[in-house]
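Student: predicted model, plus sequence, below.
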Amino acid sequence: MAKTEHYIGFDCGNSSIRTVLGSYDGKHITTKVIHQVPNRAMKGSRYEFWGILYIFYEMQKGFKLALDEAPEALSFGISTWGIDFGLLGASKELLTNPLCYRNPLGKIGLDGIDQSLKDEMFYLTGIQNHIMNSLYQILGIRKELPEYLHCAKHLLLIPDLLNYLFTGEMNSEASITSTTQLLDMRTQNYCTSLFEKLELDQDLFAPLISHTSIRGLLREDLATLFASSRIPSVCVPSHDTASAVVAVPSEEDDFVFISSGTWSLIGTELSEPIINEEVHHSGFTNEGGALGTITLLKNSAGMHILEHIKREMEFNDSTPYSWDDLIDLSRPFLESNEHILFDPNDESLFNPKSMIKAIKEITTFSSLGPIIASAYCSLVNSYVSTIREIEHITGNTYEVIHIIGGGARNDHLNQMTANLANKRVIAGPVEATSLGITAMQILHTHPTLTIKEIRRIIKNSSHLVEYEPKENMVFLDHHPPF
């Protein structure tokens, strides 16, 4: 290559909004965070909402800063959390800020569906019934906030809404739309029969386009504001998990991964969905992956539980705690096996007022040491149990577990996972989503490159840490005291 290419990526999560400048010199991909601000849902009188125009404003600031550093940037791509969406009226203006998936609306929607229809919906789509899915939020809105749907003419998932604000174009793609549970994952297109069964208006939803195609050009007024050309928006996997999986540094066709962050997504990449009774009853889902692939995965609690415990400790004691402090508190109880396994995905741990109190009620422990030890062991148990389920479902045996995302920094959890699984763990890249967003834009510019070649480049560009199993931990088959 004659010169280094630059790409702009937006990696938007529940807790932060980041603008990243990706660079490619023909051999290595690097990323640099240009702008980062916190993100959180805000509660009104009854429900939590996302401040989408604040998010868009901060993304504009990041866009300008990225162009200041790399005015020749070739394109941009957007990836965010899944499920949530904005509603627009006939004028194509927002009717309200997007509601947050943590609201009770999803549960209200799911509770209104009988079990036989839930089973049918899984077999129609290949996607697991989950209270967070957009579908159940829509059904909850129809019951609790009917005026929203009455006025709505367009429904745009969060990355699609942000792309619309940047380009004026309304479209979507399979990875983010699969989080609605309204796609048939065999075809990766809308499941028309499901819309009919639930009496939903399919015209609300945006048309689907292919990865690496152009989603639109930067709006003319924004190009003037940024003193730039109308830079194209490239269709990347706009669900952050799917973009992160692009960056799994495996040269094997079959691999297993844990995308570790506030939530942990545990899965493998397939060429076709697996839709059968075992997948259904094991709680797995077939989400859209990059370039027509399927990501067979289970959504599990991740650092969410430990983050809650750490925040509570800091608030209660009015002092900061490090992760090493939590490990030191838990270590004696890990070494003496004084801990109790619990289901980290139990509904009581989804968003409790006090995580410490919720775990106390499950375990009956009164002190922090065994509570933290139980949380660590229960998370690792969940990870390894899920990987063994994946091996059974696919018929594959995986020698390596890839841990990507922010949780890849947690040495303690990574080593415990290697020990219990009796498998090698490769942790990294930490910036998996940002690398995936950049990589997919590179594939647009260089269409002869393959996903395997991109993963090899990412592997050679990333800081990876390997963990060999040190001992065979024995708590896998213990049961929680429910």
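Tutor: Yes, it's here.
Student: for the rest of this, base every contact and every neighbour count on C-alpha atoms.
Tutor: Will do.
Student: the longest helix in this structure is where?
Tutor: helix 368-394 (DSSP state H).
Student: what residues of that one count as buried?
Tutor: For helix 368-394, the neighbour count (16 or more other CA atoms under 10 Å) marks 368-384, 386-387, 389-390, 393 as buried.
Student: then stretch 329-344?
Tutor: For stretch 329-344, by 16+ other CA under 10 Å, it's 329-331, 333-334, 337-344.
Student: on that earlier part again, now do the longest helix of the chain: which elements does it pack against?
Tutor: Judged by 3 or more CA pairs under 8 Å, 6 or more residues apart in numbering; DSSP states H and E, helix 368-394 is in contact with strand 263-270, helix 277-282, strand 294-301, helix 303-317, helix 323-335, helix 355-363, helix 411-421.
Student: remind me which residues of the stretch 301-450 of the chain are low pLDDT?
Tutor: Residue ranges of the stretch 301-450 of the chain with pLDDT under 70: none are present.
Student: what residues are up against Ser213?
Tutor: 234-235, 444 (CA atoms under 8 Å, 6 or more residues apart in numbering).
Student: quick check: closest non-adjacent residue to Gln137.
Tutor: Spatial nearest neighbour of Gln137, chain neighbours left out: Gly106 (4.2 Å); criterion: CA to CA, 6 or more residues apart in numbering.
Student: and that neighbour, how far from Leu99?
Tutor: As judged by CA to CA, to the nearest Å, Gly106 and Leu99 stand 11 Å apart.
Student: next one: Ser134
Tutor: For Ser134, the distance to Leu99 - CA to CA - is 10 Å.
Student: find residues that contact each of those two.
Tutor: Joint contacts of Ser134 and Leu99 (CA under 8 Å, 6+ apart) are 84-85.
Student: neighbour count for those two, which is higher?
Tutor: Higher neighbour count among Ser134 and Leu99: Ser134, with 25 against 22, using other CA atoms under 10 Å.
Student: check what pLDDT the nearest residue to the more buried one once chain neighbours are set aside gets.
Tutor: Once flanking residues are discounted, Ser134 sits nearest to Thr180: 4.3 Å by CA to CA, 6+ apart. Looking at Thr180, its pLDDT stands at 98.
Student: my read is that Thr180 contacts His130, right?
Tutor: No - here Thr180 does not reach His130: they are 9.9 Å apart, not a contact under CA atoms under 8 Å.
Student: comparing those two, which residue is more hemmed in?
Tutor: Per other CA under 10 Å, whichever of Thr180 and His130 has more neighbours is Thr180, with 23 against 19.
Student: tell me the contacts of the more buried one?
Tutor: Thr180 makes contact with 83, 133-135, according to CA under 8 Å, 6+ apart.
Student: can you list those residues in JSON lines and add secondary structure, pLDDT and distance to Gly261?
Tutor: Shown next, in JSON lines, are the contacts of Thr180 (DSSP: H, G, I helix; E, B strand; the rest coil; pLDDT from 0 to 100; distance: CA to CA, whole Å):
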{"residue": "Ile83", "secondary structure": "coil", "pLDDT": "97", "distance to Gly261": "17"}
{"residue": "Asn133", "secondary structure": "coil", "pLDDT": "97", "distance to Gly261": "19"}
{"residue": "Ser134", "secondary structure": "helix", "pLDDT": "98", "distance to Gly261": "21"}
{"residue": "Leu135", "secondary structure": "helix", "pLDDT": "98", "distance to Gly261": "24"}
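Student: TSV for these, including distance to Glu169?
Tutor: Below are the contacts of Thr180 laid out as TSV (distance: CA to CA, whole Å):
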residue	distance to Glu169
Ile83	20
Asn133	24
Ser134	21
Leu135	23
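Student: now, which of the residues you listed sits nearest Gly283?
Tutor: Ranked by distance to Gly283 (CA to CA), those are led by Asn133 at 13.7 Å.
Student: how far away is that closest one from Glu287?
Tutor: Taking CA to CA, one finds Asn133 at 12 Å from Glu287.
Student: cool, Arg142 as well?
Tutor: From Arg142 across to Glu287, the span is 25 Å (CA to CA).
Student: so what's the closest residue to Leu326 other than its chain neighbours up against?
Tutor: Excluding its sequence neighbours, the residue lying closest to Leu326 (CA to CA, 6+ apart) is Ile372, at 7.0 Å. By CA under 8 Å, 6+ apart, the contact list for Ile372 reads 306, 309, 326-327, 329-330.
Student: could you do His154 as well?
Tutor: Going by CA under 8 Å, 6+ apart, His154 touches 87-90, 92, 203-206.
Student: how about the buried residues of stretch 329-344 in CSV, adding distance to Arg424?
Tutor: Shown next, in CSV, are the buried residues of stretch 329-344 (distance: CA to CA, whole Å):
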residue, distance to Arg424
Leu329, 26
Ser330, 24
Arg331, 22
Phe333, 25
Leu334, 21
Asn337, 23
Glu338, 26
His339, 25
Ile340, 25
Leu341, 23
Phe342, 25
Asp343, 24
Pro344, 24
